[in-house]
Structures are given as structure tokens and as C-alpha cells.
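>>> here's a sequence, model it:
(2 chains)
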Number of protein chains: 2
Amino acid sequence: MVAPLKVGLAGLGTVGSSVLQLIAQQQLAARCGRSVEVVAVCARDRNRDRGVDLSGMHWFDDPVKLASDSGIDVFVELMGGEGDPAKAAVEAALAAGKSVVTANKALLARHGVALAKLAETNKVALNFEAAVAGGIPIIKALREGFAGNSFARIYGILNGTCNYILTRMEQEKLSFAECLKDAQRLGYAEADPTFDVEGYDTAQKLAILASIAFGTKVDADAIYVEGISSIAPADLIAADELGYRIKLLGVAVKTDTGIEQRVHPTMVPKSSAIAQVMGVTNAVTIDADGIDPITLVGPGAGGLATASSVVADIGDIARGARIAPFGRAVDSLSVAGKAPMQMHEGGYYIRLLAVDKPGTAATIATRLAEQDISLESIVQRHLVTPGAAPQGGTDARTASGPVPVILITYATTEDAVRRAIAAVKADQVISGEPQLIRIEKNR
Amino acid sequence: MVAPLKVGLAGLGTVGSSVLQLIAQQQLAARCGRSVEVVAVCARDRNRDRGVDLSGMHWFDDPVKLASDSGIDVFVELMGGEGDPAKAAVEAALAAGKSVVTANKALLARHGVALAKLAETNKVALNFEAAVAGGIPIIKALREGFAGNSFARIYGILNGTCNYILTRMEQEKLSFAECLKDAQRLGYAEADPTFDVEGYDTAQKLAILASIAFGTKVDADAIYVEGISSIAPADLIAADELGYRIKLLGVAVKTDTGIEQRVHPTMVPKSSAIAQVMGVTNAVTIDADGIDPITLVGPGAGGLATASSVVADIGDIARGARIAPFGRAVDSLSVAGKAPMQMHEGGYYIRLLAVDKPGTAATIATRLAEQDISLESIVQRHLVTPGAAPQGGTDARTASGPVPVILITYATTEDAVRRAIAAVKADQVISGEPQLIRIEKNR
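Residues are numbered from 1 along each chain as shown, chains lettered A, B, ... in the order given. Got it, this is the predicted structure:
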């Protein structure tokens, strides 16, 4: 009989409490051939009632002490934050030869390479399934389930807050501000929503996925990031008419010049699996070379869903499985050749307000042609829908005011689009800033 | 430096050739810390050109000899079939202390428990990711990714042929026979399509998933099986109008009386992830206790997709991971309390041809009420669409002939529905056999 695996857990919020609850259900013993016991915990407030039984567990006030305590085999870090005490505690555990399970995307996005090296040196596991897409086993799929494949592209809806807001905006034709307010009321968005709605949360998660898929050193700073606050109901309406939905995607794609990593609002064909994902749900699509896309859809947050991933990570350790944190030996991870965004190739949605005077259409068409941009479709709106004015745009409902025009381009480059727009602006045939949304096609 | 993992591969069809191709790309060495070499192969025809280089590999004419050869560490079985030589070869490999990777669902559905026991006794792995849903890593997700969870229900589209036929029927309003013919022409269906279209292929795969999810002994004979050959375009049209799609699902659900395992055409709400899955694509939804559904979507067949799963299984062995084949020690697997189908609870779609005479509606309503069946909706059709006549039904297009009626019930039991239908038939108020389709709701 193998001795039980002894777990020390730091952080007893919603996820931490759910981890205790799942472990208490004793599924792991039957399914890993070894029982798992939480023997020690650590949290800010010792007296808070968390609805779970902490009796029989040692209480630590200092997570770093817990992490290196000789009474534990595995340290579970659920405190969050890229700095201390999370970082110091994870480092202490790894240095003490203990495997670590963490849900801390910020820590991994910032210090993942160094921590993976520490795990490798000490021959212990560093597992983090819960750090990306909560209850979806995407890390395991990428790291193990496609261990023999090369990848062309990975992309996903990695932030439930943004997908909730975009879903409400689309279905109820509401503004970003209104939906954000509702999301805050329902607890889907923070009081300061910047981290979520401006795409930074998605970028941290994408950095982790890209590292595993492409064997690169995790680097959130290599990512081009654009959020959803500039999306107007008019964009969602136009997308719908043109056969698309708008999602905030994290995309990592192999190009001739390197790994292009980007987070931005994206038009996806309605027929794609990712377009069907509504509300706070997350999803990731894997485009491996030579095979049809594989999409995993599920809860990206929530106590029990996230705890499932944490507990599965503990189960792998109980079973004796050990895998390189980012899927490869740390020294073999390459520095991602950061593909410059101006070289991004793809289709574009452009919504602009054309000044109502002779020659405007010809000028716009000429400027696009000068950049070798071909158009898949042009929609000129006479009826202006609420919220149709692009950011900084004037009110289009005046009698002979500017007219909203929507252009969908065939594949071109970011650089060409930016040049064409600059030229059109210099020509003074449009009013305000045009809206640009990149299109991501099925392969 | 660890010695390379030596693989012997039996079966060099599309999947086998793709396995050789993927292994030759050498991803595994970097991702498992150990290189993998195919050192010996076996197939029926030594002279066929498979587009892969077999030089340097030993050729065996007898797969059983290959399986127990001292030169290999892992035996990969891609011959198929529940009997010999596949069975004898897998047994020989396990008995000789070699890990086995197989894509053979029939073998596992029939002899899975005995083979798992043999693997357990010899302390080797028996991996079979490719046996269910081709390129989707569903076995890994269930067996490892949710190792700490209990499951309420698992269901999926596990047969691409059926989903292709149902998709064509729905989108083009074609008959089953027409779509089957196309599927055969395109190579999606066999000359004898019975195994696919009557649900047996789905049942074998479901048996494997249910065993892992619920810790039961794999038993395809415990499954209620109904195929798609009785589905008419009228059913797909009615489903669409009522907010559903029709999919051939394999469903395993925990009930008060045991594990209910069933394969049948199923109405699923259009809003569900599974309803979006079109064509030959497969998908599996996992309902774990307390968390939102998780759905994996991807290719269920195809050489390279299936080979991905085979190679990932080999990678796990190279990495030294070993897990119980069905996720638990064989002696702890229980005999599934087979939940009897007549106790199945759920909503029903009933399409019948009502005889056009006074009192018919009242009679049908009374018979349903006698069985405590409440109706969610009733649709009576005056215009009969092509193919609307239920199986064995008379032609409804005669002047005052029978009138198609569609009923959607609230949750009731299979038994109640069968009794009500029998009573209505005895009353002679309907013509022909009614069509019954079970409804599977989101939780």
C-alpha cells in the first residue's frame, strides 16, 4: 500500500474550497491508485466560514513556510498574483523538491520559464491546467493529447467576461457600457474591468498555450493586445448580416516570420465551432497540421469547474506522471520569433463614415486599390442603427451627414490596411476614426 | 540518455501509415524525453506501396509473433476486428510484458475487461485513445482530465457516417436512402452500412466511454440500440421548427436504478453545443457533477487524425505514464446495473398520422392523459411534406386521408409512451406506425 499523497494548499477562496470538497469525495484514490489527503492549509483569514471542514489540517499563516514544510508532498497555490507571496511560495516548494499545482496564469505568464527550470532541476512536476480556460482540459490536450503533432494555429475564447458582454451586445443590441454594467452587477466583471475587457487576461492565457503548442518561451509581452471596449452594436449587426460573429480571441499562429500572437476582437464565420460559444463559456480550437480543427468548449471559471482541473493535476502527480511544464525541456524552448503585427495577413472588416459628397466612393476605392486591397463586400447603410457612429465619429443622423460604409476585404496585410486608411483620412472623405476588425477564417 | 522506445506496428492501412509518418517527424523525442522508433511492422501485403519508408524495419507475417518479439517495447495494434488475430496479438503482447496501443473499439467493447486485467497483472499500459472519436482526446479527458469528478451523463456524436447523413437530410431535405447512397459514393459509408447506420458502431464506443466515466465493466450488450434508417425528412423539418436538431447520440446517464446506456436518434436543443456539430465531425459532451457541460468537437476518423491519438498514446508510454486502462483497478469495476429502457425518463417527439374522423383528437388526448403524459406542443400539418409518411404509413396526400400530427411531450417514461401509443393504435384512430424520437435536454 502506497502512503497517501500529502497536499498543502494555500488560498481558500471559491476555488480552494471547491478543491477541498472534491478531494473529500475520494474519487482520486480509486482513479490514481493512491489516496490524496490535504494535510495543511493557509489563507488570509483563519476564522472565515468556508463551508468545508478544516479540522485535522495544519494551519499556516505563511504560505512560503507551508510550501517547504516537510509534512507535504505537493504544494497547491491558489492565491494568485504574479509576485510574492505566490511566487516565493511556488519557488520554495519546487526548491524543496515538492511538486506544485497552480491556477496562477499571471505567475506563469511572467515567470513560467524560470519556474519550469526550477521544477526540471528538482525533478518535480509543475502543473497548471486550471490557469487557462478553467474547467477545460486544454493544457493536457495540447501537452499530451497531441504530443506527436505540429500545430499551425491555436485560438480561443479565453475570457468569459468579454464573451458575456459580446453575446449580450449581439443578442440584445445593447452598448458595451450597458453590458459591462450588467456583467459587473452579476459578478462577471470586476469594478475595474480593464484587465478583462482590454484583453490582458486573454493575453496571459494565450502566452501559456502558445508556449506549449510551439515550444517557445512563454512571453506575454510578445503579444499584440486590443480589447473590446471600442466594439459598437453596429459592428455586431453588420457582422451578423455578413455571416460572422465577433469574439475576443487569443490567436497564436505559425507564420513564415515566426509565431504571431495576438488578442483582439475577431470576426469568425458563423459556421465555426468557436462562433457558437455564447455567454461566459470558454473555448479553444486546435489546428494541428493535416487534421481538421479540434475544439474544446466549457466553463472558463467557477469554483468547482476550476477545482476539477486543479484536482486532476494533483491526480496526475498521485499517479506518478511527470511531464515538462511547457511540454519540452526548458533549454529546448526557443525564443519566439515575434511576428510583427504590421505583417499580419488576413481579411479585414472596415466600418467608416463616408462624407456625403461627389467622388467620395471613388477616392476610397482608389486608396484601397493603391494598396492592392480587394473587396469581398461593400455595404452602404442609409438607415443608421443606434450606436453606429464609430468612436469619435459625428452623429450620422443629420440630413446630409456622413454615411456609414462597411467594407470586407480579401486577405491583405495589416500594413496595407493602415496605409489605405491613413490615405483616406488625409483625403478628408471620412469622418472620425474607422473601425477595424480582423477576420479569422476556418482553415 | 534513455534508449529509444521500440515500437512494433501491426496493420498498415491509412491509420498505420499515418502513424509511421507522424513518428518520423520526431516530435515525440522532444516532448516525451525519449525518442520513439518503429522497428518492426506487420501487414497483409508486403508489396503494397504505402507512401512510407519501411526500410530498416523488420517485416513480420504473423502479428502474434511480432507482438511478443523481444525486439519491441510497445505493440501497436491497428488491424481491427474483435477476434483473432487482433485479440491473440494483443494478448501475446500484454502477456510478454509489453505495453499495447490499439484503435480497436470492437476488441475493447467485447474483451476490454479481460485485456485490462492482463495489462494490470503484467504492469503494462493498454492505451486506446483512437478507439473512440478518432482525433478527439476524449479518453484522456475522462480518464485523467476529470479524475476527481463524478459524472452525471456522457453523450456524444460518435459516428461520422450517421451525422453526415442526418446533416445532408436536414440541410437539403433529402431522404435517408439518397443521403446514404452519397455517403457510400464518398467513402463515408460501407457497402453494407448496417454497422454504422443502425447504431452498433456508436454502441461499441459508448460502452468504452461509459466504463471509464462510471467505473463499470465495459459491456456493449447492455446498450439499447436504435439506428437512423427510420428517420424521415419530415422529422428533421419538424425538429427544426420546434427548435431542435436530430442527432444519433450515444448516451450514458446515471439514474436511480443504474447506468442507462442507449444509442438512438435524439432531438437536441439547437442551443446545445452538440447540435452545432455537422457532417462527419464527432463530439462528446461531459456532464460532470456540479459543473457546466464540457464538449469536445473534432474529427472522428481520418488517417492523420486517428494516428494523432495513437501517437499520443505511444508518447504517454515513452514518458513512463501508466494508468489503469478503464481508469480504475479492474477488480474495482462494477457490473453496470443496466437501467431498463422502459424506465427511461425524458421528453418525446411523436409523429403520427391521425385518421380524419370526428373524435380522433379527443381519443389521442385521452389516451395520453391516461398515462399522465403532458404535452409541450402539438403541431397538426395540413400540407404534407415529401417523405412525411411514417414507416409503413399510408399516403397522406389523398383528399381526406390521415393528417400528420406532431406531439412534443414533457418528461414522461418510455413505458407510458409505449402504452399510450398501443392504446391509440387499438382505437384505430391512427394510420401506420408512429415515429418516436427521444429528446435529450441540456441539464
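>>> got the end-to-end distance for stretch A:132-152?
20 Å (CA to CA, to the nearest Å).
>>> give me the buried stretch members for it, please.
Across stretch A:132-152, burial judged by 16 or more other CB atoms under 10 Å in any protein chain shown covers A:132-149, A:151-152. Where you see a C-beta, it was placed from the backbone N, CA and C, and this is true even at glycine.
>>> check stretch A:323-335 too.
A:Ile323, A:Ala324, A:Pro325, A:Phe326, A:Gly327, A:Arg328, A:Val330, A:Leu333.
>>> wasn't the fifth one part of a strand?
No - if the criterion is DSSP: H, G, I helix; E, B strand; the rest coil, then A:Gly327 is coil and not within a strand.
>>> quick one: name the residues of the stretch 101-250 of chain A near chain B.
A:129, A:135-137, A:140-141, A:143-150, A:215 (CB under 8 Å from any CB of the partner chain).
>>> what is the most widely separated pair among these?
A:Gly135 and A:Ser150 (27.2 Å; CB to CB).
>>> flag the shaky bits of chain A, pLDDT-wise.
Across chain A, the ranges flagged by pLDDT under 70 are A:1, A:381-400.
>>> ranges for the helices of it?
Counting by DSSP state H, chain A has helices at residues A:14-24, A:27-32, A:63-67, A:86-95, A:105-121, A:138-140, A:160-172, A:176-185, A:194-197, A:200-214, A:233-241, A:303-318, A:360-370, A:414-426.
>>> ok and the first one relative to helix A:303-318, angle-wise?
The one in question is helix A:14-24. 50 degrees (axes from the mean of the first three to the mean of the last three CA atoms, to 10 degrees).
>>> same for helix A:14-24, what does it pack against?
strand A:5-10, strand A:36-42, helix A:303-318 (3 or more CB pairs under 8 Å, 6 or more residues apart in numbering or on different chains; DSSP states H and E).
>>> which of these is buried the deepest?
helix A:303-318 (a mean of 27; mean count of other CB atoms under 10 Å in any protein chain shown).
>>> do it and chain B meet?
Yes - where contact is defined by CB under 8 Å from any CB, part of helix A:303-318 touches chain B, namely A:Leu304, A:Ala305, A:Ala307, A:Ser308, A:Ser309, A:Val311, A:Ala312, A:Ile314, A:Gly315, A:Asp316.
>>> nearest spatial neighbour of A:Gly227, skipping sequence neighbours?
A:Glu198 (3.4 Å; CB to CB, 6 or more residues apart in numbering or on different chains).
>>> swap that for A:Ala29, sorry
Nearest residue to A:Ala29 in three dimensions, chain neighbours excluded: A:Ser35, at 3.9 Å (CB to CB, 6+ apart).
>>> likewise A:Ala307?
Using CB to CB, 6+ apart, the closest residue to A:Ala307 is A:Ser18 (3.5 Å).
>>> repeat that for A:Pro137.
B:Gly145 (3.2 Å).
>>> report the buried residues of stretch A:91-103.
A:Glu91, A:Ala92, A:Ala93, A:Leu94, A:Lys98, A:Ser99, A:Val100, A:Val101, A:Thr102, A:Ala103.
>>> so how far is A:Ile212 from A:Glu144?
For A:Glu144, the distance to A:Ile212 equals 10 Å [CB to CB, to the nearest Å].
>>> what do you get for A:Gly51?
From A:Gly51 to A:Ile212 the distance is 35 Å (CB to CB).
>>> neighbour count winner among those two?
Of the pair A:Gly51 and A:Ile212, A:Ile212 is the one with more neighbours under other CB atoms under 10 Å in any protein chain shown, namely 26 against 9.
>>> tell me the buried residues in stretch A:237-255?
Buried residues in stretch A:237-255 (16+ other CB under 10 Å): A:237-239, A:242, A:244-254.
>>> repeat that for stretch A:404-413.
A:Pro404, A:Val405, A:Ile406, A:Leu407, A:Ile408, A:Thr409, A:Thr412, A:Thr413.
>>> relative to A:Ser309, how far out is the residue nearest to A:Ala307?
Applying CB to CB to A:Ser18 and A:Ser309 gives a distance of 11 Å.
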